[in-house]
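Engineer: okay, structure incoming, though there's no sequence with it:
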């Protein structure tokens with residue numbers, strides 16, 4: 001039975017110290033079943049977005065490990081960056097994948113919030129679908145005034161009282177945890193260094209000031225260039241190309257244009273197919289017309305080796321099965337060696353471990369080729 005999966009996209013207030021981000025990523029990846037999908041860092045924002053997927057029952061331990069490591073290594077008292085923030089692990093959303101429901105993600109968010117508050121002593125605010133108060137649905141409302149203002153008001157203003165954890169801020173700040181639909185983080189750079197133009201364009205684009213629905217936008221100065229930083233919260237209703245074209249039109253009013261854009265983290269494939277179809281005027285473009293999609297579908301439909309062994313055909317047979325068993329054994333050797341690499345107690349034999357990994361990978365590749373060769377030879381006879 002296939003495990004039910006969830007995606008988690010924690011945002012950390014660090015985009016400059018690689019060693020800190022490596023430590024946070026390693027803490028998350030150490031939880032069994034976690035697959036790190038992407039890591040995006042921005043120096044001027046001083047912020048990183050890490051994306052991982054895992055079985056539902058591993059999501060809270062993985063996210064908790066990342067928040068704990070971030071609290072240990074990131075000090076908000078010393079943090080400076082363009083992006084708004086209130087915490088070291090600033091925002092941690094869960095997104096349902098496959099058959100996983102939004103209700104399950106809400107339960108994960110609330111369980112994580114409880115544990116972060118109790119075990120780490122970090123104030124937690126719940127947002128989006130997990131919010132327990134209507135005024136905390138929107139992230140920007142919770143984060144208004146940022147760390148500096150929240151530090152002054154969290155203990156005295158009832159409206160700033162956290163959902164979990166203490167009514168005080170330490171160097172790790174607070175964490176916003178929630179459940180939401182897939183979000184597209186997309187930045188557009190303009191052909192100007194005037195940040196006021198970016199702010200004017202952002203005001204025209206974002207929903208909260210009368211722009212496009214399901215779009216949040218800020219005008220920032222990044223790498224000496226004006227940037228419109230966007231979150232598209234429902235690409236099916238407001239697609240990427242519609243937001244980009246509005247930015248293009250608004251920038252033109254100020255004598256500017258789009259210089260380039262960037263995708264932060266990952267985006268649903270459907271959103272990019274829709275944008276390609278719009279710009280190319282391929283009104284009838286279908287996902288299965290994309291070569292890689294067709295190949296993926298074919299590969300997914302292909303029978304597994306065990307299915308082929310069980311079939312009423314002479315191949316693959318015993319030789320292929322033996323080669324496959326050997327390949328799996330070599331893979332296990334590589335796994336054990338990889339788990340020991342970099343650990344202090346094995347430092348004296350690090351060279352031998354590295355060599356053994358290489359040998360195991362060579363053996364695995366050779367045995368996998370022999371699997372195919374056995375079938376080919378038998379069919380030839």
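Structural biologist: It's in. Being a predicted model, the structure only gives us computed values, none of them experimental.

Engineer: give me the neighbour count for residue 57.
Structural biologist: The tally of other residues near residue 57 (other C-beta atoms under 10 Å) stands at 12. Heads up, the C-betas are built off the backbone N, CA and C, glycines and all.

Engineer: measure it to residue 5 for me?
Structural biologist: Using C-beta to C-beta, to the nearest Å, residue 57 is found at 11 Å from residue 5.

Engineer: which residues sit against stretch 261-272?
Structural biologist: 9, 37-38, 40, 42, 49, 51, 182, 184-189, 232, 235-236, 239-240, 244, 287 (C-beta atoms under 8 Å, 6 or more residues apart in numbering).

Engineer: and the buried ones among those, selectable in ChimeraX?
Structural biologist: Selection command for ChimeraX covering only the buried members of those, criterion 16 or more other C-beta atoms under 10 Å:
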select :9,40,42,49,51,182,184,185,186,187,188,189,232,235,239,240,244
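
Engineer: in strands, which of the contacts of stretch 261-272 fall?
Structural biologist: The strands, defined by DSSP state E, take in 37-38, 40, 42, 49, 51, 184-189, 232 from these.

Engineer: can you show me the helices along the stretch 51-200 of the chain?
Structural biologist: Applying DSSP state H, counting those that start in this stretch to the stretch 51-200 of the chain gives helices spanning 56-73, 102-115, 139-142, 146-153, 195-205.

Engineer: which one of these lies closest to residue 174?
Structural biologist: helix 146-153 (6.4 Å; C-beta to C-beta).

Engineer: in the closest one, what counts as buried?
Structural biologist: Judged by neighbour count (16+ other C-beta under 10 Å), helix 146-153 contains these buried residues: 146-147, 150-151.

Engineer: coming back round to it: residue 225: which of the ones in strands among the contacts of stretch 261-272 is nearest?
Structural biologist: When those are compared against residue 225 (criterion: C-beta to C-beta), the nearest one is residue 189, at 5.0 Å.

Engineer: give the bridge partners for the closest one, please.
Structural biologist: Counting by DSSP bridges, residue 189 forms beta bridges with residue 227, residue 260.

Engineer: run a quick neighbour tally on the closest residue to residue 223 other than its chain neighbours.
Structural biologist: Spatial nearest neighbour of residue 223, chain neighbours left out: residue 44 (5.9 Å); criterion: C-beta to C-beta, 6 or more residues apart in numbering. If you count neighbours by other C-beta under 10 Å, residue 44 ends up with 17.

Engineer: and residue 44, how far from residue 307?
Structural biologist: In terms of C-beta to C-beta, residue 44 sits 52 Å off from residue 307.

Engineer: kindly report the same for residue 116.
Structural biologist: 44 Å.

Engineer: neighbour count winner among these two?
Structural biologist: Taking other C-beta under 10 Å, residue 116 and residue 307 do not tie; residue 116 has more neighbours (27 against 9).

Engineer: the more buried one and residue 354, how far apart?
Structural biologist: For residue 116, the distance to residue 354 - C-beta to C-beta - is 38 Å.

Engineer: with residue 378 instead?
Structural biologist: For residue 378 relative to residue 354 (C-beta to C-beta), the value is 37 Å.

Engineer: biggest separation within the ones in strands among the contacts of stretch 261-272, which pair?
Structural biologist: Applying C-beta to C-beta across these, the maximum distance is between 37 and 189, 24.7 Å.

Engineer: which residues of this protein score low on pLDDT?
Structural biologist: Filtered on pLDDT under 70, the chain yields the residue ranges 1-2, 302, 342.

Engineer: contacts only, for the residue most central in space within it.
Structural biologist: The centre of the chain sits closest to residue 51, judged by C-alpha atoms, centre = their mean, with a distance of 1.7 Å. Residues in contact with residue 51 (C-beta under 8 Å, 6+ apart) are 7-9, 36-39, 265-266.

Engineer: quick one: which of the residues you listed is nearest residue 112?
Structural biologist: Distances from residue 112 to the contacts of residue 51, taken by C-beta to C-beta, are shortest for residue 8, at 9.2 Å.
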